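Chemist: Predicted model and sequence follow; I will ask about them next.
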Amino acid sequence: MEISPIYDQLFGALDIPWNHWGLALFGAFLLGLTKAGINGIAVMSVTLMVLAFGGRASTGILLPMLIVGDIMAVWYYHRHTQWKHLYKLMPWMVVGILVGVFTGKDLPEDLFRIGMGAIIIISLGIMIWWEKKDSKEVPDKWWFAGITGLLAGFTTMVGNLAGAFSNLYFLAMRLPKQHFIGTGAWLFLIINVFKVPFHVFVWETISWETFAINLRLIPGIVAGFVLGVALVKKIREKKYRQLIILLTGVGALLIFIL
């Protein structure tokens with residue numbers, strides 16, 4: 001069987017090189033892993049999509065893919081959602097998104113990347129200290145949800161990279177593994193759907209052509225999600241928290257070097 005005619009039928013009509021499709025499919029696979037609960041690697045998925053399609057264009061291509069992953073995560077983990085944390089974070093995230101809509105469009109990508117990476121690393125340092133202290137106390141104050149929510153909202157609009165800040169919040173709240181994933185699933189489904197009109201009408205990064213790209217990448221998301229669910233089941237509670245901290249730190253470092 002010749003591969004070329006199959007490739008041309010599935011992908012060639014969009015005039016995108018095969019190696020770019022390879023990057024995008026692997027990015028979709030990592031996105032599926034992330035939505036299944038292997039949090040912290042979202043930045044790798046975002047980076048691959050940037051390499052495949054470019055910085056600004058990739059934000060619109062990635063958003064519908066995130067929503068597909070969110071729907072699967074909500075379907076599988078919805079019974080574990082802790083709604084009180086959504087009510088605390090979501091209003092602040094909405095404000096952060098609106099700030100990102102009107103200020104982030106022309107923000108230099110290098111400045112954004114360096115600033116966000118630095119904030120994540122500093123925040124992670126605090127979280128690691130918190131974990132080693134093994135305190136049962138949680139920062140259940142409005143300002144903590146406000147700061148993390150604003151940063152998450154702004155970064156999710158500008159670069160689809162809010163996961164690091166939501167991870168920090170949920171770790172600080174000491175949510176068990178299943179609650180961590182289930183709460184994040186609903187939070188990001190709602191937030192990502194909220195972002196769609198801004199990408200369509202303000203930034204104009206979502207079109208029928210980008211939607212055609214999304215349809216071809218869905219199998220990668222599904223494969224990653226199925227594998228991710230199996231992996232999450234095998235990870236013990238304490239190890240899961242350590243894994244999230246490790247992957248979030250790796251993701252922050254990648255922001256600097258990629």
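Modeler: Looks like it came in fine. Numbers count the residues shown, from 1 in each chain.
Chemist: going forward, measure contacts between C-alpha atoms and count neighbours the same way
Modeler: Fine.
Chemist: And for Trp142, the neighbour number?
Modeler: For Trp142, the count of nearby residues is 10 (other CA atoms under 10 Å).
Chemist: In contact with it, which residues?
Modeler: Lys88 (CA atoms under 8 Å, 6 or more residues apart in numbering).
Chemist: Distance-wise, check it relative to Ile97.
Modeler: 19 Å (CA to CA, to the nearest Å).
Chemist: what's the distance between the helix or strand where Phe154 lies and the middle of its chain?
Modeler: Per DSSP states H and E: Phe154 is located in helix 142-159. Distance of helix 142-159 from the chain centroid (CA atoms, centre = their mean, to the nearest Å) equals 13 Å.
Chemist: Then stretch 69-76?
Modeler: Mean-position distance between stretch 69-76 and its chain equals 13 Å (CA atoms, centre = their mean).
Chemist: tell me the mean pLDDT for the lengthiest helix in the chain?
Modeler: Ordering each helix of the chain by length in residues (DSSP state H) puts helix 208-234 first. Averaged over helix 208-234, pLDDT sits at 93.
Chemist: just checking, next helix/strand downstream of it?
Modeler: Moving toward the C-terminus from helix 208-234, the next helix or strand (DSSP H and E) is helix 237-257.
Chemist: one step back: just after the helix holding Phe154, pick out the following helix or strand.
Modeler: Counting by DSSP H and E, the element after helix 142-159 in chain order, helix or strand, is helix 163-172.
Chemist: ok, Ile206 touching Gly60?
Modeler: Yes. In this structure, Ile206 is within contact of Gly60 by CA atoms under 8 Å, at 4.9 Å.
Chemist: Between the two, which has more neighbouring residues?
Modeler: Higher neighbour count among Ile206 and Gly60: Gly60, with 25 against 22, using other CA under 10 Å.
Chemist: Quickly find the element holding that one.
Modeler: Following DSSP H and E, the helix or strand that holds Gly60 is helix 55-77.
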